[in-house]
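S.K.: below are the sequence and a predicted model for it; my questions follow.
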Amino acid sequence: MSQHILFDDIDEPGLATLQVYERRGGYSSLRRALQMSREEVLQNLLDSGLRGRGGAGFAMGRKASFLPKGTMDKYLVCNADESEPGTFKDRELMQKSPHMLIEGMVIAAYAADANRSFIYIRGEYELQADILEAAIAQAREAGYLGERILGSELSLSLVLHRGAGAYICGEETGLLDSLEGKRGNPRLKPPFPANQGLYQGPTLINNVETLATVPHIIRMGGENYAKIGTESSTGTKLVSVSGNVQSPGNFEITLGTPAREIIYDLAGGPFPGREIRFWFPGGSSSPVLLPEDLDLAYDFNTLAQAGSMLGSGAIIVVDDSVPVIDVALKLAKFYKHESCGKCTPCREGTNWTVKMLERLETGEATPMDLDIIASVQQQIMGNCLCVLGDAMAMPLGSMVARFRGEFEQHIEEARFRAGLGAPPEPSEVEIAGVGN
Amino acid sequence: MSDVARFGHGSRIPGWDDAVDLTKAPAGVPDPATTPVPPELRSEIEAAMAKYPDFRSAAIPALHAAQKLHGWCSPEALEQVACVMRLTPGYLTAVATFYDMFYMEPVGRHRIFVCTNISCSLRGADAVHDAIVDAAAGDPDFNIRSFECLGACDIAPMASIDGEYVGPLELADAERIVEDLRAGRPVLEEKNIRRRRSVDPGARRSATRDEDARA
Ligand SMILES: Cc1cc2nc3c(=O)[nH]c(=O)nc-3n(C[C@H](O)[C@H](O)[C@H](O)COP(=O)(O)O)c2cc1C
Ligand code: FES
């Protein structure tokens, strides 16, 4: 059984209230942190090896250490926008244990010397926003937020900011623009937020789960936390498993657990009589993996070596009842809808990818279109201010490459239906789920 | 959309949504003397502005507040926000049009957002969406949309109904949803996400404790 840190007894009644959270030892990590120097707290975060849980997997302690020294206003922003398809871990964490996040934020603000903090929560999370608002009020009342917290030199304000429905506002610089009251367009980097972020001030941005882990690191000590998991992917991770599995949900796993164990033992595996066709290991933005990849260890480096990524830690399982092209089209439509339109390769690339995929259905396409689709993906990647376009290009490119036979078969069948070609030869590639 | 009579001001300025007149100067910051703002809305916006180092950050909270009051981001609503925040209606329009949750047209009173993104559609969300559309039978009281991933793929297929997450939905639930909303009842209470416990076997200490207590 893997160790449970974030989800330990997560359903305890009343955990969202300060009383129960404190009874369980809540905010004792904050007291402990405030007795240390800022440098010691930061050192613990560095030692823990904690990598960001929001998508990019950047070492949290290092990011906090990039903030310049000085007495200017510095900001800590919690990214609670959680809109990556397949991801729902932050939702459960905020709903059931909001104080864990608040405590983590206060400690992180202390380490980074920030004096103002914000939680940017997606507008659709109304229940979670209400719960957090109530928890913030309680924490403020109890002196865990505000001026001179627990008699220390630390002062910190915390404002909950509700978004209004835009995936791009999960991207850190888009989030900052949105938080400044503008359209959520990403910014050119550098300068990075650590130097010029919110209101042009130094800003540390971290995901909910990253920040919620901070109190546990202080409790256990950074070096002890680093003993969990693998050398380059320390600790535990909340994994959201969804799609064609029998028991979808959030599971806390030790990083390095084989993916098969997560999908089969925890999430119940595919439905009887069905087989896994492919799976997204880290949200819809990660290149797809195949059943033979199920024995990979679920950690940052292993998945990167396998040509995909851990991303937000959301496994989406697709079984053999679903045509690949349906998934590809859903995916492309999502990114087309969410592209902010600032950079041409992303705006046009997502738009034309949808159009070309739709052509495959109507019989107007030829297999050559697949090459064009693949080349469009190539031209999006690396050519925009943010990686939203890449987030479509990577999984889509991987689907076309890995299931080329099925795509071609689909094209031939559609052409035949439209009266444009001969009935397709049975493909040499075994095709599940098509035409039945 | 005259069928949503409730909002009344849908046609406040006939043709307000026509193409802009390029010869006209853009609207400036509204004059407080001639722009009446409901006091609750004013105090809500002012409270939001006070929370941030830069008042402009309150644009989204202010638009949420105005939309809640007016039902949509009507020209009147935008003008009131602009008046309190001392911004132009044009600035606020630019912001509001960026975000999916702000409506630039009148919509039905009950929000039914059916997630039709990947994980939900793998579990039949598209059929659920269509069933709900059929069950509502064009009633303008319902604002039914297919939505991107709402962050609750564990209860797929799911929907956010007036802000409450419910799932997993079956086709038969469509009628219930419409009936519950019409009757003013909480919708599909037993399927509300508030009730869902963690499925992670390692996270269930209190579940076993409950069982121990009962034994
Ligand atoms: C298009 C796009 C969407 C993103 N959405 C989210 C999100 O919803 N939540 C999140 O925490 N990070 C998201 N990120 C990643 C953030 O940009 C950023 O890397 C992260 O918040 C940093 O926090 P971490 O270091 O704790 O992971 C997104 C990135 C991109 C490019
Ligand atoms: S795909 Fe429907 S909630 Fe995530």
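M.R.: Structure received. Ligands and ions are numbered 1, 2, ... in the order given.

S.K.: mind checking the SS state of the closest residue to ligand 1 within chain B?
M.R.: Nearest residue of chain B to ligand 1 (Cβ to the nearest ligand atom) works out as residue B:151 at 8.8 Å. Any C-beta I mention is one placed from the backbone N, CA and C, and that applies to glycine too. Classification of residue B:151 using DSSP: H, G, I helix; E, B strand; the rest coil returns coil.

S.K.: per-residue pLDDT, it?
M.R.: On the pLDDT scale, residue B:151 is placed at 97.

S.K.: do the same with residue A:419
M.R.: 87.

S.K.: where in the chain is pLDDT low?
M.R.: Looking at chain A here, since you left the chain open. A:1-2, A:425-436 (pLDDT under 70).

S.K.: switch to chain B, please.
M.R.: Applying pLDDT under 70 to chain B flags residues B:1-20, B:206-215.

S.K.: per-domain residue ranges of the chain.
M.R.: Reading this off chain A. Taking automatic domain parsing as the criterion, chain A consists of the domains A:18-225, A:236-319, A:324-431.

S.K.: actually, chain B is the one I wanted.
M.R.: Split by automatic domain parsing, chain B gives B:16-103, B:110-205.

S.K.: so which of the domains of chain A is nearest ligand 2?
M.R.: For those, proximity to ligand 2 was assessed by Cβ to the nearest ligand atom; domain A:18-225 is nearest, at 5.4 Å.

S.K.: end-to-end on the closest one?
M.R.: End-to-end distance of domain A:18-225 (Cα to Cα, to the nearest Å): 25 Å.

S.K.: and it, does that touch ligand 2?
M.R.: Yes - against ligand 2, domain A:18-225 shows contacts by Cβ under 6 Å from any ligand atom at residue A:85.

S.K.: that domain close to ligand 1?
M.R.: Yes - Domain A:18-225 comes into contact with ligand 1 (Cβ under 6 Å from any ligand atom), by way of A:52-56, A:58, A:60, A:79, A:81-84, A:168, A:170-172, A:205-207, A:210.

S.K.: and that domain, how far out from the chain middle?
M.R.: 15 Å (Cα atoms, centre = their mean, to the nearest Å).

S.K.: stretch A:291-311 now?
M.R.: Using Cα atoms, centre = their mean, the offset of stretch A:291-311 from its chain centre is 15 Å.

S.K.: for that stretch, measure first residue to last.
M.R.: With Cα to Cα, one end of stretch A:291-311 sits 19 Å from the other.

S.K.: on that earlier part again, in TSV: the domains of chain B, plus distance to residue A:412 and mean neighbour count.
M.R.: Listed next are those as TSV, based on distance: least, Cβ to Cβ, whole Å; neighbours: other Cβ atoms under 10 Å in any protein chain shown:
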stretch	distance to residue A:412	mean neighbour count
domain B:16-103	38	17
domain B:110-205	25	20
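
S.K.: for the ones you listed, which one sits closest to residue A:127?
M.R.: Closest approach to residue A:127 among the domains of chain B is made by domain B:110-205 (6.8 Å; Cβ to Cβ).

S.K.: right, and residue A:120 touches residue A:174 too?
M.R.: No - in this structure residue A:120 lies outside contact range of residue A:174 using Cβ atoms under 8 Å: 10.2 Å.

S.K.: just to revisit the earlier point, which of the residues of domain A:18-225 next to ligand 1 are buried?
M.R.: Buried members of these, scored by 16 or more other Cβ atoms under 10 Å in any protein chain shown, are A:52-55, A:60, A:79, A:81-84, A:168, A:170-172, A:205-207, A:210.

S.K.: what about those residues, which are in helices?
M.R.: A:60, A:172, A:210 (DSSP state H).

S.K.: what strands line up against the longest strand along chain A, and which way round?
M.R.: If you go by DSSP state E, chain A has its longest strand at strand A:236-243. Strand A:236-243 has the following strand partners under DSSP bridges: strand A:249-254 (antiparallel), strand A:314-319 (parallel).

S.K.: would you turn those into TSV with distance to residue A:191?
M.R.: Below are the strands paired with strand A:236-243 laid out as TSV (distance: least, Cβ to Cβ, whole Å):
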stretch	distance to residue A:191
strand A:249-254	35
strand A:314-319	30
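
S.K.: including distance to ligand 2 and mean neighbour count, could these go into a markdown table?
M.R.: A markdown table is the format used below for these (distance: least, Cβ to the nearest ligand atom, whole Å; neighbours: other Cβ atoms under 10 Å in any protein chain shown):
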| stretch | distance to ligand 2 | mean neighbour count |
| --- | --- | --- |
| strand A:249-254 | 12 | 25 |
| strand A:314-319 | 8 | 27 |
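
S.K.: picking up where we left off before, now the domains of chain A as CSV including distance to residue B:142?
M.R.: Shown next, in CSV, are those (distance: least, Cβ to Cβ, whole Å):
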stretch, distance to residue B:142
domain A:18-225, 18
domain A:236-319, 27
domain A:324-431, 22
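
S.K.: now do the contacts for the residue of chain B closest to ligand 1.
M.R.: Residues near residue B:151 by Cβ atoms under 8 Å, 6 or more residues apart in numbering or on different chains: A:82, A:83, A:87, A:88, A:90, A:91, A:122, A:124, A:125.

S.K.: relative to residue A:102, which of the residues you listed is nearest.
M.R.: Minimum distance to residue A:102 across the contacts of residue B:151 is 13.8 Å, recorded for residue A:90 (Cβ to Cβ).

S.K.: the closest one contacts residue A:208, correct?
M.R.: Yes - contact criterion Cβ under 8 Å: residue A:90 and residue A:208 qualify, at 3.9 Å.

S.K.: the buried ones among the residues of domain A:18-225 next to ligand 1 also near chain B: which ones?
M.R.: When Cβ under 8 Å from any Cβ of the partner chain is applied, the members of these adjacent to chain B are A:82, A:83, A:84.

S.K.: and the helix or strand harbouring residue A:118 with chain B, contact?
M.R.: Residue A:118 belongs to strand A:116-121 when assigned by DSSP states H and E. Yes - using Cβ under 8 Å from any Cβ, we find that strand A:116-121 touches chain B at residue A:116.

S.K.: the helix or strand following that strand close to chain B?
M.R.: Towards the C-terminus, the helix or strand next in line after strand A:116-121, according to DSSP H and E, is helix A:126-141. Yes - using Cβ under 8 Å from any Cβ, helix A:126-141 reaches chain B at A:126, A:127.
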